[in-house]
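Novice: Quick one, structure for this:
(2 chains)
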Number of protein chains: 2
Amino acid sequence: MIEDSETTRRAALAALLAVGAVAEATARGESPPAAHDHDAMMAMLAPAKGPEDIAFLLYPGCTALDFVGPHNMLRGLMGATVRLVAKTREPIVTDTGLTVLPDTTFAECPEQLTLICVPGGSTGTLAAIRDDATLDFLASRGAKAGWVTGVCTGTILLGAAGLLHGYRATSHWVTRDMLGAVGAIPVAERVVFDRNRVTGGGVTAGIDFGLRMVAALRDDFYAKAVQLTAEYDPQPPFDAGSPAKAPIEATRLITEMFAGFTAELREAAGAAAMARR
Amino acid sequence: MIEDSETTRRAALAALLAVGAVAEATARGESPPAAHDHDAMMAMLAPAKGPEDIAFLLYPGCTALDFVGPHNMLRGLMGATVRLVAKTREPIVTDTGLTVLPDTTFAECPEQLTLICVPGGSTGTLAAIRDDATLDFLASRGAKAGWVTGVCTGTILLGAAGLLHGYRATSHWVTRDMLGAVGAIPVAERVVFDRNRVTGGGVTAGIDFGLRMVAALRDDFYAKAVQLTAEYDPQPPFDAGSPAKAPIEATRLITEMFAGFTAELREAAGAAAMARR
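Specialist: Modelled structure (predicted):
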């Protein structure tokens, strides 16, 4: 059943990609190959950068929506391998209680990845920053990956592994200013590209991040088709998704509630990043 | 570590709820209890409808983001129980390959739920519609639940269980018009409320749905605080999230790619709904 679904998905995305490529060829004044000329079509469609090998880091207490949002978008990349990597294959309990199974261990993960993405969390992220095996894994794969990325407080973990030094980056609004502690330049934007570092804001920013990565890895048409498949035409019921828009009491309380956590996170991340400069 | 995170979350949301309630009491010209008067504060904060018992249905091939989006929002309800219910506790492979663990079986699930939510999928949803145990579970819990809800093609599964007869409802844009086959009235909106039936559009509509349910179960302030925590201030990179906005080639191809599936789904759902009228 899952196989059928996967086959359908791949066939559909091949078709989507074909239409995008044909449209582009036509726009360039070229004659695209006939639709029945399968080999010529596939050759034209071959992604310039080859099939992607993408890894999401999982760790106890990470935020499920931080990685499930971009995972949904990036799984639309026909031919790509998308891994859920953790220290072991033991079940991971995320911070909302949803339990997920990793499919690749640190040891099994290829050295060369097209993209690595680090989700955030709260105390789970702090624990990950204090775990040398996790930082060593991130540092080694991040040094070679085509794209080094993170979402939410995951960008602080990325910085703790020494991967954001001198880069413009963003994070969850609660933790954004501590990017300075890991040597990054905090930017108040939802998704920030700086060379091959790409970072997203809190939780739901992972969806915007994921679509932008699909466009970067393939093209805009492909990303639009993925967006349409996910019916991503957001209509938030309230305009309260950032501190500038939310009730001041809500912003103050969330800031205060995380005050102890952010102080610890800043110190741990700063010390780790310093040790890895 | 997870426990610490959960404790922090609950304490924070208690604080958030307190501020909202105090603000409301003040707006009504009442004197709110002093912040240090814990019992009086908690009494004022007690949700009118009692602590919620919320269940998400999981089944093989369901779409992870369909339930992880609203799960994230509804897990912000302090004091609520939020279950991931499936036929057995065996791992569930979702349609993007992410594997999750249910925490409650059909047999273990309480008869009386505050809210039940059904995520969508493609061939997995078709298989669920053909599975009497799943339809029986939905019909029995749906008959008693305070809120009967679904997202994406999950609303067709809800209809197949006989739960949308005569109700206005929505679905993923690809499957929306087949709501008529299960006796519902299709509505082209992202989230549709009709009495205690609440339905959402495709995949990412689950986030908007989830926030609206938080507001319905608690209040607007609470929902805004949950929205701010998830930094839900969407900035889609393209305006392509619905057929009216996406490239026509993308809409046509996705429609065509799902044509076989939708024909099968319509027939299976219609037959199931008819048998349960």
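Novice: I'd like the distance between A:T251 and B:A259.
Specialist: For A:T251, the distance to B:A259 (C-beta to C-beta, to the nearest Å) stands at 48 Å. Heads up, the C-betas are built off the backbone N, CA and C, glycines and all.
Novice: These two: who's more crowded?
Specialist: More crowded of A:T251 and B:A259, by other C-beta atoms under 10 Å in any protein chain shown: A:T251, with 20 against 11.
Novice: Now do the contacts for that one.
Specialist: A:T251 makes contact with A:P243, B:L228, according to C-beta atoms under 8 Å, 6 or more residues apart in numbering or on different chains.
Novice: mind checking how far the helix or strand containing it is from the chain centre?
Specialist: Using DSSP states H and E, A:T251 sits within helix A:248-257. Relative to the centre of its chain, helix A:248-257 is centred 27 Å away, using C-alpha atoms, centre = their mean, to the nearest Å.
Novice: moving C-terminal of that helix, what's the next helix or strand?
Specialist: helix A:259-275.
Novice: Between helix A:248-257 and that next one, find me the angle.
Specialist: Here helix A:259-275 runs at 60 degrees with respect to helix A:248-257, directions being taken by axes from the mean of the first three to the mean of the last three C-alpha atoms, to 10 degrees.
Novice: Give me the helices and strands touching helix A:259-275, please.
Specialist: Identification of packing neighbours for helix A:259-275 by 3 or more C-beta pairs under 8 Å, 6 or more residues apart in numbering or on different chains; DSSP states H and E yields helix A:123-129, helix A:154-160.
Novice: Put the alpha carbons of the last one into CSV.
Specialist: Taking only C-alpha atoms (Å, rounded to 0.1, in the frame of the first residue of the first chain), the coordinates of helix A:154-160 have been written out as CSV:
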residue,chain,number,x,y,z
GLY,A,154,17.8,24.0,16.0
THR,A,155,19.8,26.9,14.6
ILE,A,156,21.3,27.4,18.1
LEU,A,157,22.3,23.7,18.1
LEU,A,158,23.8,24.2,14.6
GLY,A,159,25.8,27.2,16.0
ALA,A,160,26.9,25.2,19.0
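Novice: For the stretch 51-200 of chain A, which segments count as helices?
Specialist: Using DSSP state H, counting those that start in this stretch, the helices found in the stretch 51-200 of chain A span residues A:64-74, A:123-129, A:132-144, A:154-160.
Novice: Go through those and pick out the most buried.
Specialist: With neighbours defined as mean count of other C-beta atoms under 10 Å in any protein chain shown, these peak in mean count at helix A:154-160, which reaches a mean of 33.
Novice: For that helix, the averaged confidence score.
Specialist: Here helix A:154-160 scores 98 as its mean pLDDT.
Novice: do the same with stretch A:118-128
Specialist: The average pLDDT within stretch A:118-128 is 97.
Novice: JSON lines for the helices and strands packed on helix A:259-275, including distance to chain B?
Specialist: Compiled in JSON lines, the helices and strands packed on helix A:259-275 are given as follows (distance: least, C-beta to the nearest C-beta, whole Å):
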{"stretch": "helix A:123-129", "distance to chain B": "5"}
{"stretch": "helix A:154-160", "distance to chain B": "12"}
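Novice: B:V148 is nearest to which of the ones you listed?
Specialist: For those, proximity to B:V148 was assessed by C-beta to C-beta; helix A:123-129 is nearest, at 33.6 Å.
Novice: helices or strands up against that closest one?
Specialist: On a contact count with 3+ C-beta pairs under 8 Å, 6+ apart, helix A:123-129 meets helix A:154-160, helix A:259-275, helix B:2-27.
Novice: Now do the contacts for the residue nearest to A:T96 when sequence neighbours are not counted.
Specialist: Excluding its sequence neighbours, the residue lying closest to A:T96 (C-beta to C-beta, 6 or more residues apart in numbering or on different chains) is B:R75, at 4.3 Å. By C-beta under 8 Å, 6+ apart, B:R75 lies in contact with A:T96, A:G97, B:V82.
Novice: Can you give me the separation between the first one and B:V68?
Specialist: Read it as A:T96. Distance check for A:T96 against B:V68: by C-beta to C-beta, it reads 8 Å.
Novice: Could you do A:F261 as well?
Specialist: 23 Å.
Novice: Of all the helices of the stretch 51-200 of chain A, which one is nearest B:D132?
Specialist: That would be, of those and by C-beta to C-beta, helix A:64-74, which comes in at 29.8 Å.
Novice: Kindly state the domain boundaries assigned to chain A.
Specialist: A:1-44, A:52-232+A:239-275 (automatic domain parsing).
Novice: okay, those in JSON lines with distance to B:E52 next?
Specialist: Rendered in JSON lines, the data for the domains of chain A read as follows (distance: least, C-beta to C-beta, whole Å):
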{"stretch": "domain A:1-44", "distance to B:E52": "32"}
{"stretch": "domain A:52-232+A:239-275", "distance to B:E52": "15"}
